[in-house]
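Visitor: sequence plus predicted model, see below.
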Amino acid sequence: MREAIVSIEPAKAVRGNVIDTQVRWALRRPRNLEKLALLVQRVSGVGLLGYLFFHIFVTGSVTGGRDAWDGVMSILSNPSAHIGELLVVVGATFHAINGIRVMLLELSPLVGRAKRPDYPYKVQSLGKGQQSILYAAMIMAGLSTIAGIVILWGL
Amino acid sequence: MRESTLQLVNYVMILALLVTLALHLAMQAFLGVSGYEDALTYDTAVARYREPLSASLLTILLVAASYHGLYGLRNILLEMRSGVGWSRLVTGVTLGLGAVMLGWGIRTIVVAFAGV
């Protein structure tokens, strides 16, 4: 009887700090655009959550009356805040379209069909269909940068 | 709650977020306002909180964005380490943050809707 091949080595824990485990892995080989997209998706997601937390408390000043609102708005009317707002719009655009790609990969036939792994071992889930949505996300993020600059600075 | 149920709720929140965020951004730029500066005036902000449809939109956006954001943060944190203690800590912290965000956000909407 043929014996099953089993690993006798214990699973190795991923070593390294947060930057190693959450950021550098995306830049290690084998490199691909999808790994970078996941990194950007996570960074933009955490950034947008931070902004949302801040935004809820900033807009809460509306209950303090006109003076409170105008006071907060005068603090936020500066170029640094505008750059932050631009990053929010660009991050939200990329995050949304790339998120739709990920959802379609999870829920639709876009994930590809199971196939015998022959050389050169092309991953079925990394096909051109999903990659075109990723390119669309990057193009839309670029266009939202232009739209954001026009709206925020009135150029 | 089962993780599959949380993920299912997340999908619903994503769909709600896509619609409400697009409308919210449009309302800051051109929808019902002459420009971004106009959208940030006190009168425009208060008018939006007092209009039932706009206040409902803001409420849905608040709930959907808070859930989706905190659920995503929870997933990232749970991937970093394992263990029952860590899992409980992460879930507790995200629930606490959610309570603060929803509590303050809904308070703002209710107070502004009722009349500042």
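Guide: Alright, I've got the coordinates.
Visitor: unless I'm mixing things up, B:Asn42 is touching A:Val62, no?
Guide: Rather than Asn, residue B:42 is Tyr. Yes: assessed by Cβ atoms under 8 Å, B:Tyr42 is found in contact with A:Val62 at 7.4 Å. No exception for glycine: its C-beta is placed from N, CA and C like everyone else's.
Visitor: looking at these two, which one has more neighbours?
Guide: Between B:Tyr42 and A:Val62, A:Val62 has the larger neighbour count (other Cβ atoms under 10 Å in any protein chain shown), namely 21 against 17.
Visitor: from A:Arg113, how far off is the more buried one?
Guide: Look at A:Val62 and A:Arg113: by Cβ to Cβ, to the nearest Å, they are 53 Å apart.
Visitor: so where's chain B uncertain?
Guide: B:116 (pLDDT under 70).
Visitor: nearest to chain A within it, name that residue for me.
Guide: B:Gly69 (3.8 Å; Cβ to the nearest Cβ).
Visitor: thinking again about what came up before, residues shared between the contacts of B:Tyr42 and A:Val62?
Guide: Common contacts of B:Tyr42 and A:Val62 (Cβ atoms under 8 Å, 6 or more residues apart in numbering or on different chains): A:Trp69.
Visitor: chain B against chain A: which residues are in contact?
Guide: When proximity is defined by Cβ under 8 Å from any Cβ of the partner chain, chain B lies next to chain A at B:11, B:14, B:18, B:21, B:25, B:29, B:35-36, B:40, B:42, B:45-46, B:49, B:62, B:65-66, B:69-70, B:72-73, B:76, B:80, B:97, B:101, B:104-105, B:107-108, B:111-112, B:116.
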